[in-house]
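Asker: Next one to model:
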Amino acid sequence: MRLFDFFAEALPLSEFLSQYGTPAHRERWQRTRSLVTLTEAQKQLLTSFRRETNLLMLAGAWCGDCAGQCPILECFAEVAPVLRIRYLDRDAYPQVQQELQINGGNRVPVCVFFSEDGYEVARYGERTLSRYRQLVREQLGEGCATGLVKPGDEVFAAVVQDWLNEVERVQWILRLSPRLRQKHGD
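Answerer: Here you go, the predicted structure:
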């Protein structure tokens, strides 16, 4: 299966949420979006990106992890227009869901990064390292999970940085690609 073939069918966020989400789902995604604050250093990094990067997100409008993470990527794309993000509904695309299983399970969100010409560069998801560290503390150690993200939440800021680190890693893979450097003369 060539996953990039699904990029043309995938939807921008607003269309994805309109088609698959309820008003309550859309409100959850918007709430996360309102909490994302990028630092000046993060913005500078994002504006330095030059290679078009296609991000195919397998997601569910109903999914709390998706609502808590995907808007972060949308904020990145606002600063770095070379990031093109499209969404596929997990349940509407069972063949993609099967291809992107994690540890034998259907998980979301899963992001597949592609070069400008459709070569797969990386896969990332379903939760970031910072979120897993929090879950380990809550489920295997001290603490009690509330499921709520509060303004100034240190874990949320770390999740933003986790995603930025992966987007940056992909950007540098593309910038240093001999094939793309030859194509772009840089």
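
Asker: Would you point out the helix or strand in this protein whose mean pLDDT is lowest?
Answerer: helix 129-140 (a mean of 88; mean pLDDT, DSSP states H and E).

Asker: This protein: helices as residue ranges?
Answerer: Listed in chain order, the helices of the chain (DSSP state H) span 13-20, 23-35, 40-47, 64-79, 94-99, 129-140, 154-175, 178-184.

Asker: Pull out the buried residues from the first one.
Answerer: Neighbour-count burial for helix 13-20 flags L13, F16, L17, Y20 (criterion: 16 or more other C-beta atoms under 10 Å). (Each C-beta comes from the backbone N, C-alpha and C, glycine too.)

Asker: likewise the second one?
Answerer: Residues of helix 23-35 classed as buried: H25, R26, R28, W29, T32, R33, L35 (neighbour count, 16+ other C-beta under 10 Å).

Asker: Next up, the contacts around the fourth one.
Answerer: Read it as W29. L13, L17, G21, A61, C66, A67, C70, P71 (C-beta atoms under 8 Å, 6 or more residues apart in numbering).

Asker: The fifth one now?
Answerer: Remark: with contacts taken as C-beta under 8 Å, 6+ apart, T32 is in contact with A67, G68, Q69, C70, P71, I72, V149.

Asker: again, only this time at 10 Å
Answerer: T32 makes contacts with G64, C66, A67, G68, Q69, C70, P71, I72, E74, C75, V149, F156, as judged by C-beta atoms under 10 Å, 6 or more residues apart in numbering.

Asker: swap in F49?
Answerer: Per C-beta under 10 Å, 6+ apart, neighbours of F49: 76, 79-83, 167-168, 170-172, 174-175.

Asker: which of the residues you listed sit farthest apart?
Answerer: For the contacts of F49, the farthest-apart pair by C-beta to C-beta is P81 and W172; their separation is 18.1 Å.

Asker: Can you list the low-confidence ranges for this protein?
Answerer: The model of the chain has pLDDT under 70 over residues 142-152.

Asker: Of the contacts of F49, just the buried ones, ChimeraX syntax please.
Answerer: Applying 16+ other C-beta under 10 Å to the contacts of F49 leaves a buried subset, and the ChimeraX line that selects it is:
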select :76,80,82,83,167,168,170,171,174
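
Asker: Make a markdown table from the contacts of F49 and add distance to F4 to it.
Answerer: A markdown table is the format used below for those (distance: C-beta to C-beta, whole Å):
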| residue | distance to F4 |
| --- | --- |
| F76 | 20 |
| V79 | 24 |
| A80 | 20 |
| P81 | 20 |
| V82 | 17 |
| L83 | 16 |
| V167 | 18 |
| E168 | 21 |
| V170 | 14 |
| Q171 | 18 |
| W172 | 20 |
| L174 | 14 |
| R175 | 20 |
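
Asker: ok, so of the contacts of F49, who is nearest R127?
Answerer: Nearest to R127 among the contacts of F49, with distances taken as C-beta to C-beta, is V167, at 16.1 Å.
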